[in-house]
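# sharing a sequence plus its predicted fold:
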Amino acid sequence: MRLLPSLGATLALLLPITAVAQQDRPGVDVSFHGTILLNGFSTSGRTNNTDLPQFAVPETAADSFPTSGVGGTLRQTRVSVRAFLPELGGAEWRAELDADFFGGQQPSNGGRTFPLLRIRRAWLEGSWNRFAVLIGQEAPPIVELNPVTLSSIGLSALSSSGNLWLWIPQLRLTGDLAQGKQVRLSLEGAVLAPTGYTPQPPFTTDFDRAEQSRRPYLQGRLRLRWGTGETAGELSAGAHRGWLSTAGDSLLDSKAVAALLLLPLGSHVELRGEAFAGEGIAGLGGGSIGQVFGRNGRTIRTRGGWAQLNLRPNGAVWLLGASAGIDDPKDADLDTTVQRLKNVTFGGHLHWRPSPLVFGVEVRQARTTYGAGVGELKATHVNVAAGFEF
C-alpha cells in the first residue's frame, strides 16, 4: 500500500525535528508518538461513508450494484508530537501536534491507499497555579469528551448521532474557583473560530455563513474534576453562542447548552457521555445530523446525546463496552421530503491491548429516519482493528 511510504516519510521528517527541538530548546522535553492502525470493515446498506459511516442514506435509481461490501484501510493511522517545558514565566507549558491520514484521498485507482495527511489537533497550553490559557485547534470545551474507540479515529465516534466533536481553532481561558486535594472546580471561557460546516474546495477557500457573520463563536462552562488515574471523573455544564449570516443585515442564531459526564464506578467500570440541545450547531461537529438549514432557510433546532459504558475486567489490557447515541432535529424545522429526521446509533466493542499491540472488534448499527414515505433505514458496520502503539 502507498500509505506505508507516506508514513515512513512522515516519520523520517518528524524524528529529526524532534531531535533538533530537544537540542535547540534546553529544558524542553519532546516526545514522538503514534499508532499504526489497520481497520478491516464490512458495511451493509447504503451510507454516507463506507469505511466510517455516520448515517444511512436512501438508495437511488443509479444503485444497480450492491450497496454493501467489505474493505480495509490504514488511513486512521495517527501520529503526534508532544512537548513539555516545566517552567517559563511561572507556568508549566505543554504543546501537542496531532495528525492522521483521514484528510481524504487523492483520486486514483488506489482509492483509500492514497490518503492525505491532516492536522487533527494542535495546541499550546500554559498552566499557572489557578489559571490556564490554551491556544490552538481543539474540541469545543463544552463537548470535548469522546467515546473510546478503535474503529472511529478519523471522525469521533457517534458523530451525527449525538456527539459534537469538531476540532476548532480557539483561545480558551480556565480559572480555578476552588481546589481541594483531589477536587477542582473551574470556570472556562473560549473564543472559537466560526464555522458553518460547509465543504471547502481543495486549495482556495471562501467565507462560509458563520464566518460571514463577522463574529466569533463564544463558549463557557463550569467544570468539576475529581480523582486521578483510573478513578478520575468529571462533570461539566456549558453554553454556546454563535451567529450565521442571512440575506440583508440580520443574523441567524447558533446556540446550545450542553453537559458532559465522566463517571468512574470503581476501578473497573466507567460511564461517559454528553447531552445537548440547541439550533444551528452543525458547525460544532455534525449537530442536526450534519444539516445546518431547514424549511424556509431557518436554522434547525435539535437535541441529542450519547452514552458509553466501559468495563475493564483485567486492568488496562481488556476493555468491553457498549454505546448509544441520538440526534433528533425538530421536524417542524425540516424539509421532510429530503432531510434526515432522526439518527440513532447502537454499538458494542471489545478491545485487547497487550502493549504495544492493540486489537479491537466493534459493531454498530445506524438507524436513520427520513420522511416522504422512506421511513427508517438501517446500516450495520463491523470493524476489526489491529495496530501498534509507540
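Everything's here; your move.
# run through the stretch 251-390 of the chain and note the low-pLDDT ranges.
Counting by pLDDT under 70, the stretch 251-390 of the chain contains no low-confidence residues.
# mind listing what's buried in stretch 57-69?
For stretch 57-69, the buried set under the neighbour-count rule, 16 or more other C-beta atoms under 10 Å, comprises 57, 67. Every C-beta, even on glycine, is put in place using the N, C-alpha and C of the backbone.
# measure that stretch end to end?
Stretch 57-69 stretches 15 Å from its first residue to its last (C-alpha to C-alpha, to the nearest Å).
# kindly report the same for stretch 346-366.
7 Å.
# and it, what's buried?
By neighbour count on 16+ other C-beta under 10 Å, the buried set for stretch 346-366 is 346-347, 349, 351-353, 358, 360, 362-366.
# same check, this time on stretch 33-40
34-39.
# which stretches in the stretch 51-200 of the chain count as strands?
69-73, 78-88, 91-100, 118-127, 131-138, 168-179, 183-192 (DSSP state E, counting those that start in this stretch).
# how far does the longest one sit from the chain's center?
On the basis of C-alpha atoms, centre = their mean, to the nearest Å, strand 168-179 sits 20 Å off its chain's mean C-alpha point.
# what packs against that strand?
Counting by 3 or more C-beta pairs under 8 Å, 6 or more residues apart in numbering; DSSP states H and E, the packing neighbours recorded for strand 168-179 are strand 131-138, strand 183-192.
# thinking again about what came up before, I'd like the strands of the stretch 51-200 of the chain written out as JSON lines, with mean pLDDT and distance to Glu389 added.
Formatted as JSON lines, these follow (pLDDT from 0 to 100; distance: least, C-beta to C-beta, whole Å):
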{"stretch": "strand 69-73", "mean pLDDT": "94", "distance to Glu389": "18"}
{"stretch": "strand 78-88", "mean pLDDT": "96", "distance to Glu389": "9"}
{"stretch": "strand 91-100", "mean pLDDT": "98", "distance to Glu389": "14"}
{"stretch": "strand 118-127", "mean pLDDT": "97", "distance to Glu389": "16"}
{"stretch": "strand 131-138", "mean pLDDT": "98", "distance to Glu389": "22"}
{"stretch": "strand 168-179", "mean pLDDT": "97", "distance to Glu389": "27"}
{"stretch": "strand 183-192", "mean pLDDT": "98", "distance to Glu389": "29"}
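# among those, which comes closest to Gly278?
In terms of C-beta to C-beta, the element of these nearest to Gly278 is strand 183-192, at 14.5 Å.
# can you list the buried residues in the very next helix or strand once past the closest one?
Scanning forward in sequence from strand 183-192, with DSSP states H and E defining helices and strands, the next element found is strand 217-226. For strand 217-226, burial by neighbour count (16+ other C-beta under 10 Å) applies to 217-221, 223, 225-226.
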